[in-house]
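Q: model the following, please.
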Amino acid sequence: MTKRIRAAGFAVLVLAVLVSSGCKGPRHEEGHELSFAIENELTNLDPIKSQEPYSLQVIGQIFEGLVSLDGHNQMVPVLAESWSHNKDFTVWQFKIRKGVYFHEDDCFGPRRTREVSAQDVLYSFQRIVSKESYPAFVLADIVKGVGDFQTGKASDVSGFRVVGGDVFEVELQKPEAFFLHRITSPWFCVFPKEAVSLGPDVFGRTNGIGTGPFLLKQRSDTEVVLEKNAHYWRSTEGNLERLRFKVIKNEQIRLSELRNGNISMMRLPVSLIPGVLATSGSRPDEFRLKPPFDRDFNVGAFPTFNSHFIGFNCDKMDVHLRRAISFALDRNEIVKAITNGSGLLSTGTVPAGLLGYQPPYNGDIFDLERAKAELKQSTFNANTMTVDLLVHEKDNTELLGQLVQSQLQKIGLKVAIRKMDYNAVVDRMIKGETQAFALALEYVFSAPQPILINIFDSAKIPVPNFWHYRNPKVDADLEKLRHVDDQTKANAMCQRIEKQTIEDAPAAFLYQLRNLVIVRKNISGVAFNGHSIPLLWQVRVGPL
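A: Residues are numbered from 1 along each chain as shown. A predicted model of the protein is given here:
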């Protein structure tokens, strides 16, 4: 191995940390307990079966992977104490940390626990890429031998190996200088075979054995209770002894429970912002709470890896029509109306600041005159034809569709909004059976390179290249990007690639949504990384 990378990582986004101040709080916080309200059922805590961010927020407290992101989105070693790669970035080795033990459980027999080994990592990663695994797609197209493993042609993944007893090795089909940024999410964590062997009705439901700072004590579809791992392998700054994740679907009820002291912390949904939040007026990214919330609570704004957009089917819409729509959309108006000021305007798909990345355009590309000129060059007859736009029940897309409809009328484009179930929209999008669709993506990748490669490489049609976008020059540049180790050079290449995709307009990218969190004032150290994972082992509960 020619290069060894230790704990340094890369500096990315600096996330705000909530400031603590003394304040009388609810009785349940005595004994260093915190209750976090979430919006969705927690039906399964098996990492390979998690399909939404709410379960991952809990999974991220129980399980750990080889690497992770801290509150500043810096790469940190976790179960891998160090890693290295060969010259062409096709083989990666991870030295597994000694002295890390799984949570105590009867599944281990009389000793009730055992030390984590490279064999556990091998077992976990093979299960992560199995046919039954939801996150398998992240590694299936890059790790050698996954295809044969999934089709039953091989009993093991040839690209996963244990070397020298304590080293886990990954062999890739193609070079990737940024491979680590595929596996920073809690999806790619390590779990023991003994616990998984208890069966699907046990593991992830009543049993969740990992190595993390908290261990599972109780789970139902409406509440998960975690307790501090007294034998955790590293020291932590927090003082929480118990965590409660409480499912409260109704937004108004969540807010009422927060005010009444029955929960300690909640994410602030966009719909509640006008009644709860006010901008400071000095900078658009500073927030303050309105009375009476400002008396007992603080608010934090945490950028996360997401992108909200209107996507186009490039096989059904020519480039001039796509450009006309993209240039005709007033993103400043959209961000204000749809996100109540909590969104960050974006014209491209890569979140700003990711590994120091800056987008090619600092502001909007709104240009009505160019939009009209592009529409004239299109084969689309705006006098007789209508653009079909699919929306769904999530992410306020129906309101977004109405706003898009209104804005496009200014260039003479008629839009027919068709509301469908979210899964139906995704199904039609993947099958290429629609012209345009409103969607949002939460990226599992923590670097701009894999985002661009997966979203725009023509080899990724139809998933996740949902727009059926093809540009041979972009394909060639993306292939070159795989070999670039220097992040500054990689960011410059990504900027050129993203500028080209904005010009080709496979989608009209609109904004990135920040994670707004309200927390009681006697609680400090709250932070989320870009995967929307709360780092609750850092949290401290102060005097009441």
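Q: pLDDT weak spots in the chain?
A: In the predicted model of the chain, residues 1-31, 280-285 satisfy pLDDT under 70.
Q: name the helices or strands packed onto the biggest helix by length in it?
A: Criterion DSSP state H: the longest helix present in the chain is helix 487-504. Where contact means 3 or more CB pairs under 8 Å, 6 or more residues apart in numbering; DSSP states H and E, helix 487-504 is packed against helix 319-328, helix 448-456, helix 472-481. C-beta here means a position set from N, CA and C on the backbone, and glycine is covered the same way.
Q: indicate which one of the ones you listed is closest to residue 409.
A: helix 319-328 (9.4 Å; CB to CB).
Q: name the helices or strands packed onto that closest one?
A: strand 306-312, helix 368-377, helix 397-408, helix 487-504, strand 507-520.
Q: spell out which residues make up each domain of this structure.
A: Using automatic domain parsing, the domain parsing of the chain gives 3-11+36-215+227-239, 306-514.
Q: could you save these as JSON lines and add columns showing mean neighbour count and distance to residue 290?
A: Putting the domains of the chain into JSON lines (neighbours: other CB atoms under 10 Å; distance: least, CB to CB, whole Å) gives the following:
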{"stretch": "domain 3-11+36-215+227-239", "mean neighbour count": "19", "distance to residue 290": "20"}
{"stretch": "domain 306-514", "mean neighbour count": "19", "distance to residue 290": "13"}
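Q: for residue 248, find the nearest of those.
A: domain 3-11+36-215+227-239 (4.9 Å).
Q: you'd agree residue 55 is up against residue 44?
A: Yes - counting by CB atoms under 8 Å, residue 55 touches residue 44, with 6.7 Å between them.
Q: how far does stretch 248-262 sit from its chain's centre?
A: Mean-position distance between stretch 248-262 and its chain equals 25 Å (CA atoms, centre = their mean, to the nearest Å).
Q: then that stretch to PDB, C-alphas only?
A: Extracted in PDB, the C-alpha atoms of stretch 248-262 (Å, rounded to 0.1, in the frame of the first residue of the first chain):
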ATOM      1  CA  ILE A 248     -45.400  11.700  17.000                       C
ATOM      2  CA  LYS A 249     -46.600  12.100  13.400                       C
ATOM      3  CA  ASN A 250     -48.800  15.200  13.800                       C
ATOM      4  CA  GLU A 251     -46.600  18.300  13.600                       C
ATOM      5  CA  GLN A 252     -48.800  20.400  15.900                       C
ATOM      6  CA  ILE A 253     -48.900  17.700  18.500                       C
ATOM      7  CA  ARG A 254     -45.100  17.400  18.400                       C
ATOM      8  CA  LEU A 255     -44.800  21.100  19.000                       C
ATOM      9  CA  SER A 256     -47.300  21.000  21.900                       C
ATOM     10  CA  GLU A 257     -45.500  18.100  23.500                       C
ATOM     11  CA  LEU A 258     -42.200  20.100  23.300                       C
ATOM     12  CA  ARG A 259     -43.800  23.100  24.900                       C
ATOM     13  CA  ASN A 260     -45.400  21.000  27.600                       C
ATOM     14  CA  GLY A 261     -42.100  19.400  28.500                       C
ATOM     15  CA  ASN A 262     -42.900  15.900  27.400                       C
END
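Q: what residues sit buried inside it?
A: 248, 251, 254, 255, 257, 258, 261, 262 (16 or more other CB atoms under 10 Å).
Q: how about the nearest residue to the fifth one, chain neighbours excluded?
A: Think residue 257. residue 263 (4.9 Å; CB to CB, 6 or more residues apart in numbering).
Q: three-state assignment of the one you found?
A: Secondary structure, DSSP: H, G, I helix; E, B strand; the rest coil: residue 263 is coil.
Q: burial of it, as a residue count?
A: 26 (other CB atoms under 10 Å).
Q: enumerate every residue touching it.
A: By CB atoms under 8 Å, 6 or more residues apart in numbering, the contact set of residue 263 is 35, 36, 37, 246, 248, 254, 257.
Q: tabulate those in CSV, adding columns for distance to residue 211.
A: Shown next, in CSV, are the contacts of residue 263 (distance: CB to CB, whole Å):
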residue, distance to residue 211
35, 24
36, 21
37, 27
246, 25
248, 30
254, 31
257, 32
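Q: is it possible to export those to JSON lines including distance to residue 413 and secondary structure?
A: Below are the contacts of residue 263 laid out as JSON lines (distance: CB to CB, whole Å; DSSP: H, G, I helix; E, B strand; the rest coil):
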{"residue": "35", "distance to residue 413": "48", "secondary structure": "strand"}
{"residue": "36", "distance to residue 413": "44", "secondary structure": "strand"}
{"residue": "37", "distance to residue 413": "41", "secondary structure": "strand"}
{"residue": "246", "distance to residue 413": "45", "secondary structure": "strand"}
{"residue": "248", "distance to residue 413": "41", "secondary structure": "coil"}
{"residue": "254", "distance to residue 413": "39", "secondary structure": "helix"}
{"residue": "257", "distance to residue 413": "44", "secondary structure": "helix"}
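Q: where does the closest residue to residue 133 other than its chain neighbours land in three-state SS?
A: In space, residue 133 comes closest to residue 48 once its chain neighbours are excluded; the distance is 3.9 Å by CB to CB, 6+ apart. Using three-state DSSP, the structure places residue 48 in helix.
Q: ditto for residue 462
A: Per three-state DSSP, residue 462 ends up coil.
Q: that one contacts residue 468, correct?
A: Yes - in this structure, residue 462 is within contact of residue 468 by CB under 8 Å, at 6.6 Å.
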